[in-house]
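**Student:** Whatever this is, show me its structure:
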Amino acid sequence: MKKVFLHGYFCDNLGDDLFVRHICTLYPDVEFHIVIEGDFGQAFASIENLIIHRFSFFDRIFDKLFKRWFFRERIAKTCDTIVHIGGSVFIQGNNWADKFKNYKRLFNSCKKKFIVGANFGPYTDINYLNSYKEFFSEFDGICFRDKYSYKLFSDLEQVNYAPDILFSYGFDFYKKKSSEKTVAFSVMNKGEIYLNKIAQLADDFVEKGYRIILIGFSRFEGDLIAVNKVEELMEHTCEKHMYSSDIDDTLSILAKADLIFATRFHSMVLGWGFEKKVYPCIYSNKMLTVIEDLHPEQKYCTLENIKQLSIDEIFEGSFPTDISEIKVKSKTHFETIGGILNE
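**Tutor:** The predicted model follows:
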């Protein structure tokens, strides 16, 4: 059985957890290995072809002491191939050069190396871009999820572009209609002005006869704090849902909504996938580039102008989207690695 090391962001975020489930389902004859810290990863407990490796106390201390990913390298060296699966994984941060060294050592642990589903940046240092461009030239295949990232590295023959991996997920399984008008708000912890406005909009929808569900995708990144704060600010009652390892439960809620107010990136992607009315709130350029790539007629607000937003604008700017062609193109991510994994 082929052994593949999956590298990504595994901290109980709905979108990233779906990446793992999706790839493991598509390749049932491949043995996937991932390294997870703490108690994260409960969503993967039922995936039979996924081996989870957790840090011991000594592994964690050793890695931090030497500022090197020794434990990940050790697991990766037991595998034939390494696949980086994830979204915003190449953001330039402080001490990026140290992380880059670890990244190179990890990916050079395997004979074959791939990247699928990622976007690149934001970055401010040209040395950051050039360092990755040189290293990416050694990869066997790379498929970015936005055209901006693709254009940065389009001179490399192994680089490709396809819409987000989750557009090719099995949405039909969840298609159920709610018995009452429902608006699902994907909520993030994005400041007082944002939270107050979400509460006001939710109250306005209630007064129009809508049922409100506030949804958090990532407890680790503060979504539960945001959900609870919005509930406190609302004058009317609402329902709350916090994703916590039960992928199907959260997807079923989104599938039953009539309209999705999408702050989380993948709440927008999943909303389009379920062919729901979607109104995005842009908190990152990664959302804007995908809208420009795939659905330029989509209306949206930003964190900077959300204070002026009304539910009339949301009604006028949200509509279902036919993504049948996008679903097909999304499969290019797996075509990038399929030849290796199917050998």
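
**Student:** Show me where the stretch 201-343 of the chain has its strands.
**Tutor:** Taking DSSP state E, counting those that start in this stretch, the strands of the stretch 201-343 of the chain run over residues 211-216, 239-242, 259-262, 277-282, 301-302.

**Student:** Any chance you could list what contacts the second one?
**Tutor:** To tie it back to what came earlier, the one meant is strand 239-242. Contacts of strand 239-242 with the rest of the structure, by Cβ atoms under 8 Å, 6 or more residues apart in numbering, involve 211-216, 219, 223-224, 227-228, 231, 249-250, 253. Heads up, the C-betas are built off the backbone N, CA and C, glycines and all.

**Student:** can I assume Lys99 is in contact with Gly93?
**Tutor:** Yes: taking Cβ atoms under 8 Å as the definition, Lys99 is a contact partner of Gly93 at 7.2 Å.

**Student:** elements contacting the longest helix anywhere in the chain?
**Tutor:** In the chain, ranked by residue count with DSSP state H as the criterion, the top helix is helix 192-207. Packing contacts for helix 192-207, counted by 3 or more Cβ pairs under 8 Å, 6 or more residues apart in numbering; DSSP states H and E, involve strand 182-186, strand 211-216, helix 223-233, helix 311-317.

**Student:** circling back: select, out of the strands of the stretch 201-343 of the chain, the one closest to Asp39.
**Tutor:** Using Cβ to Cβ as the criterion, the shortest distance between Asp39 and these is 15.4 Å, found for strand 239-242.

**Student:** Which strands border that closest one, and is each parallel or antiparallel?
**Tutor:** Sheet pairing for strand 239-242, assigned by DSSP bridges, gives strand 211-216 (parallel).

**Student:** Run the angle between the partner strand and helix 223-233 for me.
**Tutor:** Per axes from the mean of the first three to the mean of the last three Cα atoms, to 10 degrees, the angle that strand 211-216 makes with helix 223-233 is 150 degrees.

**Student:** Not counting sequence-adjacent ones, nearest residue to Lys208?
**Tutor:** By the measure of Cβ to Cβ, 6 or more residues apart in numbering, the closest residue to Lys208 outside its immediate chain neighbours is Ile311, 7.0 Å from it.

**Student:** how far away is Pro280 from Ser267?
**Tutor:** From Pro280 across to Ser267, the span is 8 Å (Cβ to Cβ, to the nearest Å).

**Student:** Those two - which one has more neighbours?
**Tutor:** Each of Pro280 and Ser267 has its neighbours counted (other Cβ atoms under 10 Å); Pro280 has more, 29 against 26.

**Student:** So what sits opposite the more buried one in the bridge?
**Tutor:** Beta-bridge partners of Pro280, as defined by DSSP bridges: Ala262.

**Student:** I'd assumed Met268 was in contact with it.
**Tutor:** Yes: when contacts are counted by Cβ under 8 Å, Pro280 is listed as touching Met268 (4.7 Å).

**Student:** Between the two, which contacts overlap?
**Tutor:** With Cβ under 8 Å, 6+ apart applied, the overlap between the contact sets of Pro280 and Met268 consists of 262, 287.

**Student:** what does the average pLDDT come to for stretch 172-188?
**Tutor:** Averaged across stretch 172-188, pLDDT comes to 84.

**Student:** got the contact list for it?
**Tutor:** Around stretch 172-188, the neighbours that count as contacts under Cβ under 8 Å, 6+ apart are 194-195, 198, 201-202, 205, 209-217, 221-223, 226-227, 230, 248, 251-264, 267, 274, 283.

**Student:** Can you get me the start-to-end distance on that stretch?
**Tutor:** Taking Cα to Cα, to the nearest Å as the measure, stretch 172-188 stretches 27 Å from start to finish.

**Student:** any idea which strand is longest in the chain?
**Tutor:** Within the chain, and with DSSP state E defining each element, the longest strand by residue count is strand 112-120.

**Student:** what about the closest residue to Ser267 other than its chain neighbours, how many residues close to it?
**Tutor:** Across the structure, with Cβ to Cβ, 6+ apart as the measure, the residue nearest Ser267 apart from its sequence neighbours is Ser186 (3.4 Å). Residue crowding around Ser186 was assessed by other Cβ under 10 Å; the count is 29.

**Student:** Tell me what Ser186 is bridged to.
**Tutor:** The residues paired with Ser186 through beta bridges, assigned by DSSP bridges, are Ile215.

**Student:** what stretches of this protein score poorly on pLDDT?
**Tutor:** Applying pLDDT under 70 to the chain flags the ranges 176, 178-179, 343.

**Student:** quick one: furthest residue from the center of it?
**Tutor:** Ranked by distance from the centre of the chain (Cα atoms, centre = their mean), the top residue is Glu207, with 32.7 Å.

**Student:** Nearest residue to that one in space, ignoring adjacent ones along the chain?
**Tutor:** Distances taken as Cβ to Cβ, 6+ apart put His236 closest to Glu207, at 7.5 Å, once the chain neighbours are dropped.

**Student:** what's the answer for Phe71, then?
**Tutor:** The shortest distance from Phe71 to any residue other than its chain neighbours is 4.3 Å, reached at Asp59 (Cβ to Cβ, 6+ apart).
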